[in-house]
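> sequence plus the predicted model coming up.
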Amino acid sequence: MLLAIDTSAGTSVAVVDRDLGVLAELTELDTRRHAEVIGSMIAEALRLSGVAVTDLSGVAVGMGPGPFTGLRVGIAAARAFAFGAHKPVVPVVSHDAIAFGATEPILVVTDARRREVYWSAYSGSDEQGLPVRTAGPGLVRPDDLPGAVAGYEGYRRVDAESVSGASIGLLAEGLYLHKRAFAGNDALYLRSPDIYVSAGPKRVS
């Protein structure tokens, strides 16, 4: 049984169980309210599900791709909750959760802000029902997307406004069950930081 969190687009929190399915899910589409709502959404999802923190086996979290400001809120919340609850963090790729359950080739596209989009291509699902990513995640300007995805013209485009916390959790359950690799621990920003650490002390004249 997992608490699942994603803030790569909107904010979504869910409690899922591999056998019982989705026990609770809450979603906020406003991308400016991640930090404002995440705490209350976690508490409400647990209340609605009737699941005690001690009954959770872990905390699944979407690692992006996503913009820095929003994505870090969910990852920090997941890690803080897991630390306090003495549970492991289970990282998954957010686009993989969007593609979870797809039975046809799809092209997942999400808003990266700054007039750019994130994209990933999937050929469908494998024999265990897990998404098969054939390309991406990538970051391009919308006008450059056709060139970036050349060769995937037959893939149905899916523009996602948010990433379902329930899909994050169920994907994590499926990966664990079938002994597949989780995502890495580094967030998938796919964009260079705006601020750089100075190489040394600033010279004063």
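Arrived safely.

> need the strands for this protein, in chain order.
Ranges of strands within the chain are 2-6, 11-17, 21-28, 58-62, 89-92, 106-113, 116-125, 131-140, 156-159, based on DSSP state E.

> pick the most deeply packed of those.
A comparison of these by mean neighbour count, using mean count of other Cβ atoms under 10 Å, puts strand 2-6 on top with a mean of 31. (Glycine included, C-beta is placed from N, CA and C.)

> that strand vs strand 11-17, what angle?
160 degrees (axes from the mean of the first three to the mean of the last three Cα atoms, to 10 degrees).

> spit out the contact partners of A60.
2-5, 78, 89-92, 168-169, 171-172 (Cβ atoms under 8 Å, 6 or more residues apart in numbering).

> swap in F182?
90-92, 172, 175.

> closest to R156 among these?
Lowest distance from R156 to those (Cβ to Cβ) belongs to V92, with 22.0 Å.

> please report the distance of that closest one from Y155.
21 Å (Cβ to Cβ, to the nearest Å).

> just checking, G66 touches S162?
No - with contact defined as Cβ atoms under 8 Å, G66 does not count as touching S162 (10.7 Å).

> now the strands of the chain as TSV including distance to A43 and mean pLDDT?
Putting those into TSV (distance: least, Cβ to Cβ, whole Å; pLDDT from 0 to 100) gives the following:
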stretch	distance to A43	mean pLDDT
strand 2-6	11	98
strand 11-17	9	98
strand 21-28	10	98
strand 58-62	14	98
strand 89-92	19	98
strand 106-113	27	97
strand 116-125	30	98
strand 131-140	30	97
strand 156-159	31	97
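
> which one of those lies nearest to I98?
I98 sits nearest to strand 106-113 of all these, at 4.8 Å, using Cβ to Cβ.

> helices or strands up against the closest one?
helix 94-99, strand 116-125, strand 156-159 (3 or more Cβ pairs under 8 Å, 6 or more residues apart in numbering; DSSP states H and E).

> relative to strand 116-125, how tilted is that strand?
Going by the same axes, to 10 degrees, strand 106-113 makes 160 degrees with strand 116-125.

> so what are the sheet partners of strand 106-113 and their directions?
With DSSP bridges as the test, strand 106-113 is paired with strand 116-125 (antiparallel), strand 156-159 (parallel).

> where does pLDDT dip in this structure?
192-205 (pLDDT under 70).

> mind giving me the packing neighbours of the helix ranked longest in the chain?
Longest helix of the chain, by residue count under DSSP state H: helix 68-85. Helix 68-85 is packed against strand 2-6, strand 11-17, helix 34-49, strand 58-62, strand 89-92, with contacts defined by 3+ Cβ pairs under 8 Å, 6+ apart.

> give the buried residues for it.
70-75, 77-79, 81-82 (16 or more other Cβ atoms under 10 Å).

> now that helix, how far from the chain's geometric center?
Relative to the mean C-alpha coordinate of its chain, helix 68-85 is positioned 12 Å out (Cα atoms, centre = their mean, to the nearest Å).

> now stretch 172-187
Between the centre of stretch 172-187 and the centre of its chain there are 12 Å (Cα atoms, centre = their mean).

> same thing with stretch 165-177?
On Cα atoms, centre = their mean, the centre of stretch 165-177 falls 11 Å from that of its chain.
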